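[1] Just to be clear, the model below is a prediction. Sequence and coordinates:
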Amino acid sequence: RDGRGRALVGRSFCDSRGGAVGLSMSKKDRRYKLAKRGQNEDELLLTVAEQFRRREGQASISWYPGHIAKAEKALQNVLSRVDVVVEVRDARIPASTTHPMVDAWLKNRNCKRIVALNKVDMTPRSAVSMWEAYLGNTLKIPSVLVNGKTGGKGIDLLKREILKAGKEINDRRKARGMMPRNVRVAAIGFPNVGKSGILNRLAGQAKVKSANKAGVTKHMQWVRVEGFDLLDSPGIIPAKLVSQEVAVHLAICDDIGEASYDKTLVAAALVDEMRKVHASMRSFCDMNGFVKRYGLGVGEWSGEEYIFRLAQHKFFGLEDIAGERILDDWRKGRLGATTLEPPPTIPYHTGYYRALGLRPNCTSADVKDAYRATARRMHPDMGGDVDQWQKVLTAYKVINTPEIRQRYDAHGLVWDLKNGNYRVLKEGEKIPGMREVLDGPGAGPRYLTGSNAVRGDAKVRKGKIQLLL
Ligand SMILES: Nc1nc2c(ncn2[C@@H]2O[C@H](COP(=O)(O)OP(=O)(O)OP(=O)(O)O)[C@@H](O)[C@H]2O)c(=O)[nH]1
Ligand SMILES: [Mg+2]
């Protein structure tokens, strides 16, 4: 506040006289506030865009608590004594919660690695199944889909895998005349992904502290229960290699400390990200969630503009409250199931055959017949949907061209980093790995473009959010 008590920061939380306004503001007060500002909606939108731009300029996510560097070192030492590593990832952002050093840490170690895709209750089934297939078929890493909150099938499966590993170890020990021992299991992963929750589920009781905040577990902690020695570890994030997109995704999912970012900007980024994913992978997120929850759809608006409109529609013109509410609702799954990141490949994809009603072992004559039959049903001239027909055309092109079909059969589809959609691998092209997905040309801050979009400018600006480590 300045010397006369007027608010200088956080203006949108204050009325024109500097007094705090709450959600109890009546409609009349709201009209009064708008009139007092003396602006119509379009002018207001530009003012808000200006505010966003200023905040973007100042925003940089910086979160790397001291205990993480220490934990990383301690973890590397302890991993040599562990039999099973459960690498917990957030199923809403499985790429961003992949620690790039885990491969190196586990190399030449005699321990079993299982990826637990956690929080599957908040993600669409098809998206996590694609990740499961990618991990299992392309990377050859077994994975389980887990709900660390309520337990269930995933936890049982995880338990079975762990016990199997334990039995193998004890059989080997027995053969060497040694006494059997408990299987040692470590849960590792990014902060707040649900490591402690999963350990508690495995233990069958709340043995370690688990709460909805990044950085709850600060020290290694062994827990001994019947049949297992469980190690709970603090969340780790890499000290290098984190792209800006990763930082924002972690902020969206509440996987880094809340004080390190501007919630309204992150909420705007979330809306933009959802729109981006929805455009290419419809099943990955449900844009109707916004209409159902707030009575206002996102449509073609950028994240910033949507927050502005939503604030006008429901939150008395208070963009910060609208942003906070969007983030909060999304994190609790009230805006529908979402996965923000597609896997780099879909191996053994047979969707193009299915689009033409074919089987993967069909002949080229079958393909032509099926195409003609599909055209009679689905061509736009026969009343078919244009988008659906486009898919049929793509499928036909792929299956009817022997070289492309061969690549499709061998590798399935790969995620095109540049255009944000799946396609068949090109001649001589390499399959993208997780690194390319995280740091590649398609990654990066494409979302903080709202203020440009508000002004009808299609130029994509460089985002300003950085993870300073
Ligand atoms: N909806 C949902 N929430 C989950 C799930 N698993 C864990 N959570 C919640 O996620 C939050 C974080 O869980 P923790 O187990 O503390 O996470 P952590 O990885 O140990 O976190 P740090 O110790 O801070 O690194 C808690 O509020 C859990 O209730 C899940 O499968 N679904
Ligand atoms: Mg924990």
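    Cool, got the structure. Model, not experiment: these values are computed from the prediction. Ligands and ions are numbered 1, 2, ... in the order given.
[2] In space, what's closest to Leu145 - neighbours in sequence excluded?
    Val120 (4.6 Å; C-beta to C-beta, 6 or more residues apart in numbering). For the C-beta atoms, the positions are set from N, CA and C on the backbone; glycine is no exception.
[3] so what's the one you found up against?
    By C-beta atoms under 8 Å, 6 or more residues apart in numbering, Val120 lies in contact with 91, 128, 145-147, 154.
[4] Run through the stretch 51-200 of the chain and note the low-pLDDT ranges.
    53, 55-62 (pLDDT under 70).
[5] Around ligand 2, which positions in it sit nearby?
    Contact residues, the stretch 51-200 of the chain versus ligand 2 (C-beta under 5 Å from the ion): Ser196.
[6] Would you state the strands of the stretch 51-200 of the chain in chain order?
    If DSSP state E, counting those that start in this stretch is used as the criterion, the strands of the stretch 51-200 of the chain fall at 84-90, 112-118, 143-145, 183-189.
[7] got CSV for the ones you listed, with distance to Cys362 too?
    CSV is the format used below for the strands of the stretch 51-200 of the chain (distance: least, C-beta to C-beta, whole Å):
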stretch, distance to Cys362
strand 84-90, 37
strand 112-118, 34
strand 143-145, 31
strand 183-189, 43
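[8] Which one of those lies nearest to ligand 1?
    Across the strands of the stretch 51-200 of the chain, ligand 1 has its closest neighbour in strand 112-118 (5.0 Å, C-beta to the nearest ligand atom).
[9] and the closest one, what does it pack onto?
    For strand 112-118, the packing partners by 3 or more C-beta pairs under 8 Å, 6 or more residues apart in numbering; DSSP states H and E come out as strand 84-90, helix 125-133, strand 143-145, helix 153-175, helix 195-203.
[10] go again using 6 Å as the cut-off
    If contacts are counted by 3 or more C-beta pairs under 6 Å, 6 or more residues apart in numbering; DSSP states H and E, strand 112-118 sits against strand 84-90, strand 143-145.
[11] Mind checking those strands for the one nearest to His379?
    His379 sits nearest to strand 143-145 of all these, at 39.1 Å, using C-beta to C-beta.
[12] if I read this right, Gly215 contacts Pro191, doesn't it?
    Yes: in this structure, Gly215 is within contact of Pro191 by C-beta atoms under 6 Å, at 5.5 Å.
[13] more neighbours, the two?
    Each of Gly215 and Pro191 has its neighbours counted (other C-beta atoms under 10 Å); Pro191 has more, 23 against 17.
[14] which residues does the residue nearest the centre of the chain contact?
    For the chain, Ile93 is the residue whose C-alpha lies nearest the centre (C-alpha atoms, centre = their mean; 2.3 Å). Counting by C-beta atoms under 6 Å, 6 or more residues apart in numbering, Ile93 makes contact with 249, 253, 340-341.
[15] Now tabulate those in a markdown table and tack on distance to ligand 1 and secondary structure.
    Shown next, in a markdown table, are the contacts of Ile93 (distance: C-beta to the nearest ligand atom, whole Å; DSSP: H, G, I helix; E, B strand; the rest coil):
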| residue | distance to ligand 1 | secondary structure |
| --- | --- | --- |
| His249 | 16 | helix |
| Cys253 | 10 | coil |
| Leu340 | 15 | coil |
| Glu341 | 17 | coil |
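[16] what's next to stretch 168-184, contact-wise?
    For stretch 168-184, contacts defined as C-beta under 6 Å, 6+ apart pick out 82-83, 166, 228-229.
[17] can you rerun that using 10 Å?
    Applying C-beta atoms under 10 Å, 6 or more residues apart in numbering, the set of residues contacting stretch 168-184 from outside is 78, 81-85, 110-112, 162-167, 222, 224-231.
[18] Can you turn the buried part of these into a PyMOL selection?
    Here is the PyMOL command that selects the buried residues among the contacts of stretch 168-184 (16 or more other C-beta atoms under 10 Å):
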select buried, resi 78+82+83+84+85+111+112+162+165+166+228+229+230+231
